[in-house]
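**Student:** Just the structure for this:
(one chain, ligands or ions: 1)
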Amino acid sequence: MNYLKPGVWALSLLAAASVFAAEPVSVSIDTSKPGPVINKDIYGQFAEHLGSGIYGGLWVGPNSKIPNTKGWRNDVVGALKAMHVPLVRWPGGCFADEYHWKDGIGARDKRPVKVNTNWGGVEESNAVGTHEFFDLVEMLGADAYVNGNLGTGSAQEMSEWIEYMTSDSKSTLANLRRKNGRDKPFKVAYFAIGNEAWGCGGNMTPEHYADLYRNVETFLRAPAPYRPKMIASGGNDNDVSWSDVLSKQLKRQTDGISFHYYTIPTGKWEVKGAATGFAEQEWISTLANTLRMEQHMQRNSAAMDKHDPEKKLGLFVDEWGTWYDVEKGTNAGFLFQQNTLRDALVAALNFNIFHAHADRVRMTNIAQMVNVLQAMIITDKDKMLLTPTYHAFEMYVPFQNATFLPLTLSNNREYALDGASIPEISATAARATDGKVYLALVNTNPRQPADVAISLPGQQVQAVRGRVLTAAAMDAHNTFAAPQAVKPAPFSAKAVDGKLSVQIPAKSVVVVAVE
Ligand code: AHR
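**Tutor:** Residues are numbered from 1 along each chain as shown. Reported below is the predicted structural model:
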């Protein structure tokens, strides 16, 4: 038998520790080279006439027993205000490609009932129309992004909608708006000409769409203070031809080009993967697939740089988020899915990517705000709960309109499983409008915490203070029985001997102010 003397034991343990204790990841934030402003609209939302995304989830009508203001649920609006929603896109999506705005004005009981052909074939009462939408965004203190109908609509219909919303004249349409209860013009921050023109918006080629766009945009006139930023409907996923063709052909007639990318665990639309109860393989594949947003931003920006090196055009990711198999027993056309800690990490990883491209990416809209796909809020009749994604958005509020700060990440390890591999730590930093430096860190590894050393060259870091979002299970989520199962907790650390080190828990999102 081999015996080690006590002194040798200690030395052996020290040697073993130095072999196994990995060097901490180092995050060095350069405050001397501030980058672009992270437009608040990067934190935009999307509310489509789809499932209970609007009807039931947000809108209950003024006569409902559920407490509401002008028909909009007080509980949901209050929660959305608390997360500082800067912008809402409406009325679709594919729904916008068939929406006729005149169906949604005037006395609600006289509005035509249509069939929502895209989403579940249910009746669309048109109870929510232009005036109701602006009631909502004005209550939220958010800007409006209105999506025009290029599918079954026309240049005339869109031009009349713009006039109805934005004219301060005594024209018949402006007076009709006044008769319907709104004296002053509405503020339309963005207006898109069509949606997914390559698919549900009309199955077009980018060249055909570019011609149509040029024609329609010519007639969308609005007085300067009310003129929305115009958006051309772009490509999706790996297809950069739309960014290429549109940035070349529409340069002088658009403010930006949209882009859509959804995160699907399996990468296959037929069997996407479940929102809960998934294996670790689908944890890593989901995060790996969401990180593809980085390549999408790089490739689309590069295509646009060829024709617009001055970066006058924005790249607007006006649909993104997770898309899972619908929950069993729900209408497949309603796109209802649970939302777990994994979704919070997906959101945070995308924020970090968008910040790094803030010079080109000036607006995005997660799909969607309530009850649909990667939602902020889930409702059931008069009850509501906040999802982990809500908490990620709320934790990142300091980044709205903050100034991007470059950072260097060293010693970052890879989190790997069954041949898949992604960086363990993702980080972003910015100087917020309150003057403080904020740092957000994501640990993608569901098994291991990560030690991270934080420094600001040329400055003493004394402490970090903020919040962490994590949970015991990868698919931890909030339910009506346990609505607070996943929620942020305080997180702080102080420097020791002038050095600041934190431990980022496994599968977590951390946002701190650096002091
Ligand atoms: O967000 C759901 C749908 O996804 C939108 O209506 C459409 O634009 C996209 O395909």
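
**Student:** Tell me, how many residues neighbour the single nearest residue of the stretch 101-250 of the chain relative to the ligand?
**Tutor:** As assessed by Cβ to the nearest ligand atom, the ligand sits closest to residue 196 within the stretch 101-250 of the chain, at 4.6 Å. Where you see a C-beta, it was placed from the backbone N, CA and C, and this is true even at glycine. As a burial measure, residue 196 scores 23 neighbours (other Cβ atoms under 10 Å).

**Student:** With residue 178 instead?
**Tutor:** Neighbours around residue 178, by other Cβ under 10 Å: 11.

**Student:** if I look at the residue of the stretch 101-250 of the chain closest to the ligand, how far off is residue 57?
**Tutor:** To residue 57, residue 196 is 23 Å away according to Cβ to Cβ, to the nearest Å.

**Student:** before we move on, the earlier item: is the residue of the stretch 101-250 of the chain closest to the ligand within a helix or a strand, and which one?
**Tutor:** Applying DSSP states H and E as the criterion places residue 196 outside every helix and strand.

**Student:** Quick check: it touching residue 95?
**Tutor:** No. Between residue 196 and residue 95 there is no contact under Cβ atoms under 8 Å: 11.1 Å.

**Student:** per-residue confidence for the residue of the stretch 101-250 of the chain closest to the ligand?
**Tutor:** For residue 196, the pLDDT comes out at 98.

**Student:** Give me the mean pLDDT for stretch 253-270.
**Tutor:** 98.

**Student:** what's the span of that stretch, first residue to last?
**Tutor:** 38 Å (Cα to Cα, to the nearest Å).

**Student:** Tell me which residues of it come out buried.
**Tutor:** The neighbour-count check on stretch 253-270 (16 or more other Cβ atoms under 10 Å) flags 253-266 as buried.

**Student:** any chance of those residues in CSV, plus secondary structure and distance to residue 385?
**Tutor:** Formatted as CSV, the buried residues of stretch 253-270 follow (DSSP: H, G, I helix; E, B strand; the rest coil; distance: Cβ to Cβ, whole Å):
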residue, secondary structure, distance to residue 385
253, coil, 43
254, coil, 39
255, coil, 36
256, strand, 34
257, strand, 36
258, strand, 30
259, strand, 31
260, strand, 27
261, strand, 27
262, strand, 23
263, strand, 22
264, coil, 24
265, coil, 23
266, coil, 27
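
**Student:** Can I get stretch 427-447 as PDB, trimmed to CA atoms?
**Tutor:** Output of stretch 427-447 as PDB, limited to C-alpha atoms (Å, rounded to 0.1, in the frame of the first residue of the first chain):
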ATOM      1  CA  ALA A 427     -21.100  39.400 -22.800                       C
ATOM      2  CA  THR A 428     -22.000  43.000 -23.700                       C
ATOM      3  CA  ALA A 429     -21.400  46.300 -22.100                       C
ATOM      4  CA  ALA A 430     -22.600  49.900 -22.500                       C
ATOM      5  CA  ARG A 431     -22.700  53.300 -20.800                       C
ATOM      6  CA  ALA A 432     -26.400  53.900 -20.000                       C
ATOM      7  CA  THR A 433     -28.200  57.200 -20.100                       C
ATOM      8  CA  ASP A 434     -27.800  57.400 -16.300                       C
ATOM      9  CA  GLY A 435     -24.000  57.600 -16.900                       C
ATOM     10  CA  LYS A 436     -23.200  54.100 -15.400                       C
ATOM     11  CA  VAL A 437     -21.500  51.300 -17.200                       C
ATOM     12  CA  TYR A 438     -23.700  48.200 -17.400                       C
ATOM     13  CA  LEU A 439     -22.400  44.700 -18.200                       C
ATOM     14  CA  ALA A 440     -24.600  41.700 -19.200                       C
ATOM     15  CA  LEU A 441     -23.300  38.200 -19.000                       C
ATOM     16  CA  VAL A 442     -24.900  34.900 -20.100                       C
ATOM     17  CA  ASN A 443     -23.600  31.500 -19.000                       C
ATOM     18  CA  THR A 444     -24.800  29.000 -21.600                       C
ATOM     19  CA  ASN A 445     -23.500  26.000 -19.700                       C
ATOM     20  CA  PRO A 446     -26.400  24.300 -17.800                       C
ATOM     21  CA  ARG A 447     -24.000  22.300 -15.700                       C
END
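
**Student:** any idea how far it is from the chain center?
**Tutor:** Centroid separation between stretch 427-447 and its chain, computed with Cα atoms, centre = their mean, to the nearest Å, is 17 Å.

**Student:** Please shift the residue numbers so they start at 55 in all later answers.
**Tutor:** Shifting the count to begin at 55 puts that one at stretch 481-501.

**Student:** tell me the mean pLDDT over it?
**Tutor:** According to the model, stretch 481-501 has a mean pLDDT of 98.

**Student:** Show me what counts as buried in that stretch.
**Tutor:** So, applying 16+ other Cβ under 10 Å, buried residues of stretch 481-501: 481-486, 491-500.

**Student:** Go back to those residues and keep what's next to the ligand.
**Tutor:** Among the buried residues of stretch 481-501, no residue is within reach of the ligand (Cβ under 6 Å from any ligand atom).

**Student:** quick one: which of those residues is nearest to residue 335?
**Tutor:** Nearest to residue 335 among these: residue 500, at 11.3 Å, using Cβ to Cβ.

**Student:** Spatially nearest residue to that closest one (excluding sequence neighbours)?
**Tutor:** With sequence-adjacent residues excluded and distances taken as Cβ to Cβ, 6 or more residues apart in numbering, residue 500 is closest to residue 561, at 4.2 Å.

**Student:** likewise residue 317?
**Tutor:** residue 344 is the one closest to residue 317 (Cβ to Cβ, 6+ apart), at 4.2 Å.

**Student:** Then residue 467?
**Tutor:** residue 478 (4.7 Å).

**Student:** Flag every residue of the stretch 205-354 of the chain that's near the ligand.
**Tutor:** 249, 250.

**Student:** The stretch 205-354 of the chain: strands as residue ranges?
**Tutor:** 242-247, 283-286, 310-317 (DSSP state E, counting those that start in this stretch).
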